[in-house]
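Asks: sequence plus the predicted model coming up.
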Amino acid sequence: MYRYDEFDHQLVNERVAQFRGQVARRLSGELTEDEFKPLRLMNGVYLQLHAYMLRVAIPYGTLSSKQLRMLAHIGRKYDRGYGHFTTRQNLQYNWPALKDMPDVLHDLATVEMHAIQTSGNCIRNVTSDQYAGAAKDEIEDPRIVSEIIRQWSTFHPEFSFLPRKFKIAVSGTPDDRAAIRVHDIGIQIVRNGKGKIGYEVYVGGGLGRTPMIGKKIADFVPKEDLLAYLEAVMRVYNMYGRRDNIYKARIKILVHEIGAEEMKRQVDAEFAEIRKTGALHLPAEEVARIQAYFASPAYETLPDESTELNKAVLADPDFANWVKSNIAAHRVPGYAIVNISLKPIGGTPGDCSSDQMDAVADIAEKYSFDELRVTHEQNLTLADVRKKDLPAVHAALKAAGLATANINLITDQIACPGLDYCALANARSIPLAQQISERFSDLNRQHDIGELKINTSGCINACGHHHVGHIGILGVDKKGVEYYQVTLGGAADEKTAIGDIVGPAFTEEQIVDAIETIVTTYLGLRQPGERFIDTYRRTGIEPFKESLYATH
Amino acid sequence: MQLIRNGKFVADDFAAVGDEDILPEGAVIVSLERWQKDRDALTARNTPLGVRLKSGQEPSAIADDLDKLAVVALEFPVYRNGRAYSYARLLRERHGYKGEVRAVGNVLRDQFHFMVRCGFDALEVADNITPEIWAESVGVFSHSYQPATDGREPVLSLRQRLAARAATREAV
């Protein structure tokens, strides 16, 4: 993975010193909370319902064991012994004290981490595919450009006060696991007819109040021009994005209002000018320097089949279930990708205790080249595990309470923090996700239902990505009472779709039964081999409406 | 209000003039509207001139007049509105403007560094800003990852030079 050099270290340390001064000014009363707000927001510090919250950047979701151990340590020392992994591959601490924040940032800096640009109207942490480097159909490792973008966007003097926050995602495979079409900019790595690698660029995707699917405005941006192209998009947005209304300030609204064609025209014109200066031309040497950090680990030459694995599958049904749902194919024979579910039955999606973090760090060190990833679905991934080690990895995870066998199944839900933590929320998300999880806890039933993604948001800001859940749940407030609105048919992959509202919202008492009705309806309708989303795409919403709202 | 020009606290030798005000003697800064209306009269005065652009008034509106202007003042109606960062860069990099680019409006210490990087060489700042605060704020980061208008060598090319030097040393 990428390692800081002297320049990276210096910048992060200078940032810690700067924030220490700002916190001191706040604590002494020199700054009011209002004046302090923009400063803390540049460092990932939010004021939540009960306390300050700190969001730590995990660039493109990649962590070393050492970094994860530090996150565990910070959770113990400054929080309540846990952290929460988010849909943007970051980690949040819900309970640190403001006076401790500079020390937390200092501790993070010792392991090459920070909280820079994890909030505020700037270019946020770049997200990517958790299978980077290990995926079978990968065109190029997306971490290389992600790191290049991370550096270019860090403290960008022109783009630190954009109309609104700005999120970039990169996918290196045709199968999109990074949800690039629901980001402000989505970058798809492609190979052109001449065998050259470049980038397809989507702009204006996003969820929130006005969900939009990104529009493709470039078919092939050459590698050396990527930063010039991104700078052109950012400049057009910075100059013409709306600043009169916070709800219309994202780039998706600009693209929607002027149209994708006009957006493309403006970006192309600006790109041509920026390109002329050559200042952002990306030298091949720098790309090679960063690429070297992401070179393949020292894989062994192994047979693809593992007798140890096959034996264990036959001997242990728990292990067999886990292999079935949590293991993905690796490009190297004899290796597998292990997904660690942070969605235990009845738990809080994405929460991880400090002890569990230490356990995962040890497992990654021993079995996966000392490295792991955070997924945008709030799980963890060990990208490079020998198949013959899978039984040992499973046993170690089980001992840490991390062997839940439900990846991509109905209990592998995404949920925002909701009314339990968030000042914006209308409704609780976590308790609902927990109830759904309990209702469908039977693993055989989960496997029978198959791939089904339920995403829950506690308000229309859509942090729980409900628009792109196969089943989406949105908490709404009606005269002080929590209601839940259901959407069907959303998806965040290469066939990205915004879900359709199924009908009137459900009460807290009705919602779990409603989900069960939807699932039962699907099971009755499905043809062999169909996942929920396939059935929905074939039948449309009507049969689900009927079974949900038919007068009984 | 104080003026910092090229890092020095100086007396402001320009008067900001409202659209209805009578023009005083000497150097003035007027709005884009007044400039467009009274261009000939203003030019005929033969004193240094500045034009103030609001957020939404792009530098292209004065691109043909830049040789007549000693100052272009760019307004930050609120620090969160960062349009003027792009305007400053366009003035310098696209239009080749060599005169003063002045930040006016809600100009806060925590943004000095960004403003200077984008080509502002003059800033109108609050009275509580001291030379120490200025120095600390503008110099907060020793290096920059990305090229901008200040000509500072980005980290990327510093790395290349270091690598080249190391290679030379090895060859010797």
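Replies: That came in fine, so what should we check first?
Asks: alpha carbons only for contacts and neighbour counts from here, please
Replies: Will do.
Asks: the stretch 351-500 of chain A: strands as residue ranges?
Replies: Along the stretch 351-500 of chain A, counting by DSSP state E, counting those that start in this stretch, strands occupy A:351-353, A:371-374, A:380-386, A:414-415, A:454-457, A:471-478, A:481-488, A:500-501.
Asks: in TSV: those, plus distance to chain B and mean pLDDT.
Replies: Converted to TSV, the strands of the stretch 351-500 of chain A look like this (distance: least, Cα to the nearest Cα, whole Å; pLDDT from 0 to 100):
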stretch	distance to chain B	mean pLDDT
strand A:351-353	33	97
strand A:371-374	25	97
strand A:380-386	30	98
strand A:414-415	30	94
strand A:454-457	28	96
strand A:471-478	30	94
strand A:481-488	34	95
strand A:500-501	35	96
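Asks: Serialize these to TSV and add fields for mean neighbour count.
Replies: Shown next, in TSV, are the strands of the stretch 351-500 of chain A (neighbours: other Cα atoms under 10 Å in any protein chain shown):
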stretch	mean neighbour count
strand A:351-353	20
strand A:371-374	28
strand A:380-386	25
strand A:414-415	30
strand A:454-457	30
strand A:471-478	25
strand A:481-488	22
strand A:500-501	18
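Asks: okay if I get those as CSV plus distance to A:Leu548?
Replies: Supplementary listing: the strands of the stretch 351-500 of chain A in CSV, determined by distance: least, Cα to Cα, whole Å:
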stretch, distance to A:Leu548
strand A:351-353, 32
strand A:371-374, 36
strand A:380-386, 35
strand A:414-415, 23
strand A:454-457, 17
strand A:471-478, 14
strand A:481-488, 11
strand A:500-501, 12
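Asks: which parts of the chain belong to which domain?
Replies: Here I'm looking at chain A. A:6-110, A:134-293, A:307-399, A:414-549 (automatic domain parsing).
Asks: switch to chain B, that's the one I care about
Replies: Using automatic domain parsing, chain B is parsed into the domains B:2-141, B:143-172.
Asks: ok, which of those comes nearest chain A?
Replies: Among those, domain B:2-141 comes nearest to chain A, with 4.4 Å by Cα to the nearest Cα.
Asks: who touches the host helix or strand of B:Ala41?
Replies: Secondary structure from DSSP states H and E places B:Ala41 in helix B:32-44. Helix B:32-44 has contacts (Cα atoms under 8 Å, 6 or more residues apart in numbering or on different chains) with B:19, B:49, B:51-53, B:68.
Asks: then B:Val30 would be within a strand, right?
Replies: Yes: residue state for B:Val30 (DSSP: H, G, I helix; E, B strand; the rest coil) corresponds to a strand.
Asks: and it, how many neighbours?
Replies: Neighbours of B:Val30 under the rule other Cα atoms under 10 Å in any protein chain shown: 24.
Asks: now the one residue sitting closest to the centre of chain A: how far from A:Gly350?
Replies: Nearest to the geometric centre of chain A sits A:His376, at 2.3 Å (Cα atoms, centre = their mean). For A:His376, the distance to A:Gly350 (Cα to Cα, to the nearest Å) stands at 10 Å.
Asks: need the residues touching each of these two.
Replies: Joint contacts of A:His376 and A:Gly350 (Cα under 8 Å, 6+ apart) are A:Thr86.
Asks: what ranges do the strands span in chain B?
Replies: Taking DSSP state E, the strands of chain B run over residues B:2-5, B:8-10, B:15-16, B:28-31, B:49-53, B:71-76, B:100-105, B:122-125.
Asks: pull the residues that contact the shortest one.
Replies: Residues lying outside strand B:15-16 but in contact with it, judged by Cα under 8 Å, 6+ apart, are B:24, B:26-30.
Asks: let's see that with 6 Å instead.
Replies: Taking contacts as Cα atoms under 6 Å, 6 or more residues apart in numbering or on different chains, the residues outside strand B:15-16 that touch it are B:28-29.
Asks: just the first one next, same as before
Replies: The contact list for strand B:2-5 (Cα under 6 Å, 6+ apart) reads B:9-10, B:121-125, B:127.
Asks: can you show me the CA trace of it as CSV?
Replies: Written as CSV, here are the backbone C-alpha positions of strand B:2-5 (Å, rounded to 0.1, in the frame of the first residue of the first chain):
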residue,chain,number,x,y,z
GLN,B,2,-6.4,46.9,6.9
LEU,B,3,-4.7,46.1,3.6
ILE,B,4,-2.0,43.5,3.2
ARG,B,5,-0.2,43.8,-0.1
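Asks: which neighbours does that strand have in its sheet, and in what orientation?
Replies: Strand B:2-5 pairs in its sheet with strand B:8-10 (antiparallel), strand B:122-125 (antiparallel), by DSSP bridges.
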